[in-house]
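Q: Predicted structure and sequence below. I'll ask about it afterward.
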Amino acid sequence: MKMKYYLKVTLSLLLICMAVAGLLAAVNALTVDIIAANAQKEREKAVGEIFSDMTSMQDAEGEWLNGVNTVYAVYQNDVWIGYAVDLDSRGYGGEINMIVGIGTDGTVCGVRVISHSETPGLGSRATLSDYLDNFIGVGERLTVKEDVDAISGATISSKAVVDGINLALSLGLGGVEAHE
């Protein structure tokens with residue numbers, strides 16, 4: 001009698017789990033394109049904040065280093081004004097997805113964080129404009145605590161941001177010869 005009861009409960013749970021998994025798969029299939037479009041809008045917004053005079057951007061061709069998702073060539077009308085590097089860097093709470101703008105002179109012209117899982121009020125301070133704007137004009141590799149201060153209590157998050165900027169700079173972007 002007990003065996004019959006356990007079999008009934010097990011089969012009921014199995015059917016419920018299969019139904020829920022099917023519903024989740026259906027919802028995912030319906031929303032995957034919408035989520036991708038919203039993510040692209042977020043990237044375009046971030047690039048627009050870095051390059052305020054941007055009129056268009058397009059994927060740049062190339063083989064990129066591990067951690068670089070894509071590189072966008074940024075234009076004002078038909079004139080190239082820089083690159084926007086979409087990359088991921090490992091922080092304390094997980095991946096930090098950011099856009100690093102590289103100007104025609106090869107220096108950082110802006111940094112914006114798209115998404116992160118850093119600790120609110122602590123590590124997340126390394127993703128705010130107040131901190132990120134300190135990197136504008138940087139053209140060489142940085143080291144936390146030597147070249148740039150870490151945010152108190154958020155050294156790993158600060159290092160992740162600096163590592164992302166260093167990764168973007170290591171691509172050697174900027175200059176007319178790099179664009180052609």
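A: All right, it came through fine.
Q: going forward, measure contacts and count neighbours with C-alpha atoms only.
A: Noted.
Q: gap between the residue lying closest to Gly123 once chain neighbours are set aside and Asn134?
A: Spatial nearest neighbour of Gly123, excluding adjacent residues (C-alpha to C-alpha, 6 or more residues apart in numbering): Ala154 at 4.7 Å. According to C-alpha to C-alpha, to the nearest Å, Ala154 and Asn134 sit 16 Å apart.
Q: Compare these two and say which is more crowded by neighbours.
A: Ala154 (20 against 13; other C-alpha atoms under 10 Å).
Q: quick one, what contacts the more buried one?
A: Neighbouring residues of Ala154 by C-alpha atoms under 8 Å, 6 or more residues apart in numbering: Leu122, Gly123, Arg125, Ala126.
Q: do you know how far the first one is from Leu87?
A: Computed as C-alpha to C-alpha, the Leu122 to Leu87 distance reads 22 Å.
Q: In a strand, Glu140, correct?
A: No: Glu140 is assigned coil when assessed by DSSP: H, G, I helix; E, B strand; the rest coil, not a strand.
Q: That one reaches Leu169, doesn't it?
A: Yes: at 7.0 Å, Glu140 and Leu169 qualify as touching, with contact defined as C-alpha atoms under 8 Å.
Q: intersection of neighbour lists for these two?
A: Thr107.
Q: quick one: which of those two has more around it?
A: Leu169 (23 against 13).
Q: residues in contact with the closest residue to Gly82 other than its chain neighbours?
A: Of all residues beyond its chain neighbours, the one nearest Gly82 is Gly103 (4.4 Å), with distances taken as C-alpha to C-alpha, 6+ apart. Contacts for Gly103 (C-alpha under 8 Å, 6+ apart) come out as Ile81, Gly82, Tyr83, Cys109, Gly174.
Q: and Gly103, what are its phi and psi?
A: Main-chain torsions, Gly103, degrees, to the nearest 10: phi -80, psi 180.
Q: For stretch 64-73, what does the pLDDT average out to?
A: When pLDDT is averaged over stretch 64-73, the result is 92.
Q: ok, and what's touching that stretch?
A: Contacts for stretch 64-73 (C-alpha under 8 Å, 6+ apart): 57-61, 80-89, 167-168, 171.
Q: Buried subset of those residues as a PyMOL selection?
A: A single PyMOL command is used to select the members of the contacts of stretch 64-73 judged buried by 16 or more other C-alpha atoms under 10 Å:
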select buried, resi 57+80+81+82+83+84+85+86+87+88+89+167+168+171
